[in-house]
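J.: Need a 3D model of the following:
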Amino acid sequence: MIKKFLMVSVLVAVSAVTSVGEADATDVKAAPPKEKTSYQVIEGGEAQSADPTAYNYVPKENSTPGKAIQPLSASGYQPINGFGFTYKGNNFKVTTGELQHRIIGSRNHIENEGVQYRVPSTVCNWRVDYQNRNGAQIHRTFVGKTHTGCGFGAVADNGPHNVYVKSGSQQCARLYIAGKFRGEQCHHIG
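T.: Here you go, the predicted structure:
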């Protein structure tokens, strides 16, 4: 059986909380999860560009860290500009890195989704949220687990499995480090 890859682009927003596999949205069909996940799922909401620590933060056009998000294939890379952060009283400087986001599935079904952030620096207290949206309208956000340790060179996260997302939307992997949004990479869902 050949797996089809979903295509690429951008999305964000949210409000009611449900578990993976449950949905109240009328055009979002949910499948029972194959495995238990620790993701909190937020349904619905509106995007905002003022608070980069919030799940519904979407940068204003032409201000996205790491340049504008470009349409890519089902495995896309997005540069994330360098930044500094403080963790447990220590100051860290992160150089420009690369966020790789992959989706395996067909049409609006995501069989497997994940991220790897590669950077020749130390990264601490990070998480990845997976968000399905159309422009400022957020359909669903899978809030990732915060990894409280530190890693050097690369950190990776496995996202939601066996879920349905809204057709004609975008599915984005959103990187947060030290509680702040640092950038995202998105795919268009056909």
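J.: Phi, psi for the closest residue to residue 97 other than its chain neighbours please.
T.: Excluding its sequence neighbours, the residue lying closest to residue 97 (C-beta to C-beta, 6 or more residues apart in numbering) is residue 119, at 2.8 Å. (Each C-beta comes from the backbone N, C-alpha and C, glycine too.) Reported as degrees, to the nearest 10, the phi and psi values for residue 119 are phi -160, psi 140.
J.: same thing with the one 10 residues further on?
T.: For residue 129, the backbone dihedrals (degrees, to the nearest 10) come out as phi -100, psi 150.
J.: And what about the spatially closest residue to it that is not a sequence neighbour, helix, strand or coil?
T.: Closest residue to residue 129 apart from its sequence neighbours, by C-beta to C-beta, 6+ apart: residue 174 at 4.5 Å. Counting by DSSP: H, G, I helix; E, B strand; the rest coil, the backbone at residue 174 sits in strand.
J.: For residue 174, report the pLDDT, please.
T.: With respect to pLDDT, residue 174 scores 97.
J.: Quickly list what it is bridged to.
T.: With DSSP bridges applied, residue 174 shows beta-bridge pairing to residue 129, residue 184.
J.: just residue 152 next, same as before
T.: Assigned bridge partners for residue 152, using DSSP bridges, are residue 122.
J.: Make 22 the first number, not 1, from now on.
T.: Done: numbering now begins at 22, and the last item shifts to residue 173.
J.: Can you verify my assumption that it contacts residue 139?
T.: No: with contact defined as C-beta atoms under 8 Å, residue 173 does not count as touching residue 139 (10.8 Å).
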